[in-house]
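*Asks:* What would the 3D arrangement of this be:
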Amino acid sequence: MDAREQTNKQEPDSIRSRLWEFVVDVYAQPGVMVACLQAQERWDVDVNLMLYAVWCAKQNTVLSSEDFQRAETRCQVWREAVVLPLRKQRELWRGKPELSAEYAAIKGLELQAERRQLEFLADLFEQDRSDLAALEFEGSIDVTLLKAQLTSLARHYGLQGEVFTELRVAVTES
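*Replies:* Numbers count the residues shown, from 1 in each chain. Prediction:
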């Protein structure tokens, strides 16, 4: 099951489904996947947290350092116990034709686990917002807000400067 197929199984118009649809759409844009995976490999950045930060910027929502910490804390056990072990096993099976069925199966499980993590983040977002009807689910992202959001995320990971420039450019140019 791929990300698009999973989108169809979500309840329509929930915060969870809107975040998932956004992540699937943004991740498919040229340059986004590469920027996310490079950040994951270079700095051990959680791609879901990074894409959540982008989605929040689209909602004109600024995440504080405390928000990033809460989000990471909320997802940490799940990510370490489920997402990362699935990813590690999938990477071990990559490129082994005799394990292609198993590779496809574990890739689907990893995607489901990442979706569940995004649901945790959507729930946090919903808990912190009183006026969900005013959210901007359509339209463009404020580039200045996105830049500030990604700079805050970089600081959260102990990184200096605009280390997520490739992601920002990819998101805003597509």
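
*Asks:* my read: Leu49 touches Gln69, true?
*Replies:* No - the pair Leu49 and Gln69 fails to qualify as a contact (C-beta atoms under 8 Å) at a distance of 10.7 Å. All C-beta spots, glycine's among them, are computed from the backbone N, C-alpha and C.

*Asks:* of these two, who's got more company?
*Replies:* With neighbours defined as other C-beta atoms under 10 Å, Leu49 and Gln69 compare such that Leu49 has more, 20 against 12.

*Asks:* Let me know the distance separating the nearest residue to that one once chain neighbours are set aside from Ile15.
*Replies:* Computed as C-beta to C-beta, 6 or more residues apart in numbering, the closest residue to Leu49 that is not its neighbour in sequence is Ala71, at 5.9 Å. Distance from Ala71 to Ile15, counting by C-beta to C-beta, to the nearest Å: 14 Å.

*Asks:* Could I get the buried residue list for the host helix or strand of Cys56?
*Replies:* Using DSSP states H and E, Cys56 sits in helix 47-58. Going by neighbour count (16 or more other C-beta atoms under 10 Å), the buried part of helix 47-58 is Val47, Asn48, Leu49, Met50, Leu51, Tyr52, Ala53, Val54, Trp55, Cys56, Ala57, Lys58.

*Asks:* Report the secondary structure element holding the residue nearest to Leu19 when sequence neighbours are not counted.
*Replies:* Sequence neighbours aside, Ala122 is the residue nearest to Leu19 in space, at 4.5 Å (criterion: C-beta to C-beta, 6+ apart). Under the criterion of DSSP H and E, Ala122 resides in helix 100-128.

*Asks:* same question, Leu150
*Replies:* Assigned by DSSP H and E, Leu150 belongs to helix 143-156.

*Asks:* tell me the average confidence for that helix?
*Replies:* Mean pLDDT, computed over helix 143-156, is 95.

*Asks:* low-confidence ranges in the chain?
*Replies:* 1-12, 130-138, 174 (pLDDT under 70).

*Asks:* redo that, cut-off 80
*Replies:* Scanning the chain with the threshold set as pLDDT under 80 gives 1-13, 129-139, 174.
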